[in-house]
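Undergrad: Below: sequence and its predicted model.
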Amino acid sequence: MSALDAMYQEVILDHAKRRSGEGLAAPAPGHGSGESHQYNPTCGDEITVRVELAPAPEGADPVVERLSWEGEGCSISMAAASVLAEAAPGMTRTELVELIGAFRDLLRSRGTVAPDEEVLGDAAAFAGVSRFVARVKCAMLGWVAAEEALDRAG
Amino acid sequence: MLPLTDPEVRALREDFPLLTGTPAVYLDSGATSQKPLAVLDAERDFYVHRNAAVHRGAHALAVEATDAYEEARRIVAGFVGGTERELVWTSNATEAINLLAYSFSNASAGRGDQEAERFRLGPGDEIVTTELEHHANLIPWQELAARTGATLRWIPVDDDGALDLGAAAEVIGERTRVVAFSHVSNVTGAITDVETLVGLARAAGALSVLDACQSVPHLPVDLPALGVDFAVFSGHKMLGPTGIGALWGRAELLDAMPPFLTGGSMITKVTMESARYLPAPTRFEAGTQRVAQAVALAEAVRYLQAIGMERVAAHEHELGQRLAAGLAELEGIRLIGPAPGAERMGLAAVDVAGVHAHDVGQVLDAAGVAVRVGHHCAQPLHRALGLTATTRASAYLYNTTEDVDRFLAELAGVRTYFRVAG
């Protein structure tokens, strides 16, 4: 497989075309939510991500109810947001933070880290992107937004 | 004038180390050009044989270095129809525009003598630029307006990215003090009707500033004949090294302008309280200058002159038309700027339906075709076109018609790769 095809995996091209979580969803009454907008000045790509948390008892790790987003960008950035929108619901805040950390580690690895598919799921398909340093920011755009949105969600 | 033939271009290419022995198609000369060995050698030769500080020091080497530096100025000034009195070295075109904006700003703050009054701006004055400018010919004017209280206005573009000259006649008026515009758009490849805009600026008593970054490397340009007051261009886009560019200006204007950067070399008498300044161009060249780069840029000019700018222009005209015609035939490709057959430089930007420019560029890169993707430092123009990013192929004298055809062939497959076409 060429490096190009390794980046543009089937999974990525699919997600870029049939996007999950696209369109910002209004949070249900009583649910906590946070939002973040990220912009990549080198290409003009932008995204807004909203994270909605289910109500949780005081002190408990809240569970992500929904992750929705809207944005404009390349197939890599759009697919990465779509993959995250499918992965996040049902995760606790801690689990999502860990997932984002693992994704970041993978993308910063310049192709030296084999992805742990058990942890990353579909996001493991982005391993090929890590060899294209200029595209790492594209993949991270929605994930960085999610990280900040999660931080802001009460 | 006959365009260069492909065999001629292939022979030329032998002069460019980066373009020999590789199958790569380099179509990003609008961003920066490749350099012939003669230019690289000239820079090295200066350091090997003539390196010394210029305009200071009385030893023989210093004299030789100064001669080389000033000879370079004569050659580069002559290349654009000017004289050495009219050419100020800068780091690049961006710095040249900032030099103007900060000099006007300093004049507005009361610096300079009576002669500098013509550059003073304040509330009620207007600076005019255009919607298609490179950010380098927009932001310095935004900042100048903010510092002086002047108002920034602009000539809009139509849906195809062409300057609306009808609107220009309304935007440029008696309050206009400066009109800054590109000779050639780095996105559309269209050539601006300089005569009309200079006519409007003159009628309004305004100064005209020409961004000639995309014209001087590619066309015969005679700045005095164009009638502009100032013009800027960069060395690295015309076979020269990075770190060198130029401001050309009418001598009487340059001499009347207060300096931008101040310090060594640009002064006559200095006391603890104040200093007096040399006339232009030295007034604007504070500190140690880019001597080796200036010498190398002069060598680049010699290289271009040996081919002849008419032939370079004819060659690029041919490549531009081939690009436009080829792109117009591709499905799902929107050609930005002049239609096939209409005058355009050897560059073309496109929007590929359903595929982001970065994805387009990635696929082309994998096929060995280097193009620019993004907003090309012209966000307002892209916004006016309803786009955030485009894919741009920009040719130079070392590109063959085969290069253009390779680009077209690879581009034709992009929509299929991303499954937006059958």
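TA: The structure has been received and is ready for your questions. What you see is a predicted model, and the numbers here were worked out from it, not measured in a lab. Residues are numbered from 1 along each chain as shown, chains lettered A, B, ... in the order given.
Undergrad: Helix, strand or coil: sort out A:Arg110 for me.
TA: Classification of A:Arg110 by DSSP: H, G, I helix; E, B strand; the rest coil places it in coil.
Undergrad: Now whichever residue of the stretch 1-150 of chain B sits closest to chain A: closest residue in space, sequence neighbours ignored.
TA: Nearest residue of the stretch 1-150 of chain B to chain A (Cβ to the nearest Cβ) works out as B:His135 at 11.1 Å. All C-beta spots, glycine's among them, are computed from the backbone N, C-alpha and C. Excluding the flanking residues, the one nearest B:His135 by Cβ to Cβ, 6 or more residues apart in numbering or on different chains is B:Cys377, at 4.5 Å.
Undergrad: Pull the number of nearby residues for the closest residue to B:Asp41 other than its chain neighbours.
TA: What sits nearest to B:Asp41 in space, not counting adjacent residues and going by Cβ to Cβ, 6+ apart, is B:Glu299, at 7.8 Å. B:Glu299: 25 surrounding residues under other Cβ atoms under 10 Å in any protein chain shown.
Undergrad: Same question for the one 3 residues further on.
TA: A total of 15 residues lie near B:Arg302 under the criterion other Cβ under 10 Å.
Undergrad: Now do the same contact list for the residue nearest to B:Asp41.
TA: B:38-39, B:41-43, B:240 (Cβ atoms under 8 Å, 6 or more residues apart in numbering or on different chains).
Undergrad: Can you show me the strands along chain A?
TA: A:32-40, A:45-53, A:64-72 (DSSP state E).
Undergrad: Can you say which of these is nearest to B:Val291?
TA: strand A:32-40 (38.7 Å; Cβ to Cβ).
Undergrad: Report the buried residues of the closest one.
TA: A:32-36, A:38, A:40 (16 or more other Cβ atoms under 10 Å in any protein chain shown).
Undergrad: what helices or strands is that strand leaning on?
TA: If you count contacts as 3 or more Cβ pairs under 8 Å, 6 or more residues apart in numbering or on different chains; DSSP states H and E, strand A:32-40 packs onto strand A:45-53, helix A:133-152.
Undergrad: ok, back up a step: what is the nearest of the buried residues of strand A:32-40 to chain B?
TA: Nearest to chain B among the buried residues of strand A:32-40, with distances taken as Cβ to the nearest Cβ, is A:Asn40, at 9.5 Å.
Undergrad: Tell me what the closest one is bridged to.
TA: A:Asp45 (DSSP bridges).
Undergrad: List the contacts of it.
TA: For A:Asn40, the contact set (Cβ under 8 Å, 6+ apart) comprises A:46, A:73, A:77, A:137-138, A:141.
Undergrad: same deal with B:Arg118?
TA: Shown in contact with B:Arg118 (Cβ under 8 Å, 6+ apart): B:Ala256.
Undergrad: what about it, is that helix, strand or coil?
TA: Under three-state DSSP, B:Arg118 comes out as helix.
Undergrad: Tell me the spacing between it and B:Val360.
TA: B:Arg118 sits 48 Å away from B:Val360, going by Cβ to Cβ, to the nearest Å.
Undergrad: which pair in the contacts of B:Glu299 spans the largest distance?
TA: By the measure Cβ to Cβ, B:Asp41 and B:Gly240 form the most distant pair in these, at 13.0 Å.
Undergrad: More neighbours: which of the two?
TA: Higher neighbour count among B:Asp41 and B:Gly240: B:Gly240, with 30 against 13, using other Cβ under 10 Å.
Undergrad: Checking my notes, the more buried one in a helix, right?
TA: No: under three-state DSSP, B:Gly240 sits outside any helix and is assigned coil.
Undergrad: Which positions in chain B make contact with chain A?
TA: B:355-359, B:362-363, B:366, B:373-375, B:379, B:382, B:388-389, B:417-419 (Cβ under 8 Å from any Cβ of the partner chain).
Undergrad: Which of those residues fall in helices?
TA: With helices defined by DSSP state H, the entries of the residues of chain B next to chain A inside them are B:357-359, B:362-363, B:366, B:379, B:382, B:417.
Undergrad: Please convert those residues to TSV, extending it with pLDDT.
TA: Listed next are these as TSV, based on pLDDT from 0 to 100:
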residue	pLDDT
B:Ala357	95
B:His358	94
B:Asp359	95
B:Gln362	95
B:Val363	96
B:Ala366	94
B:Gln379	94
B:His382	96
B:Tyr417	93
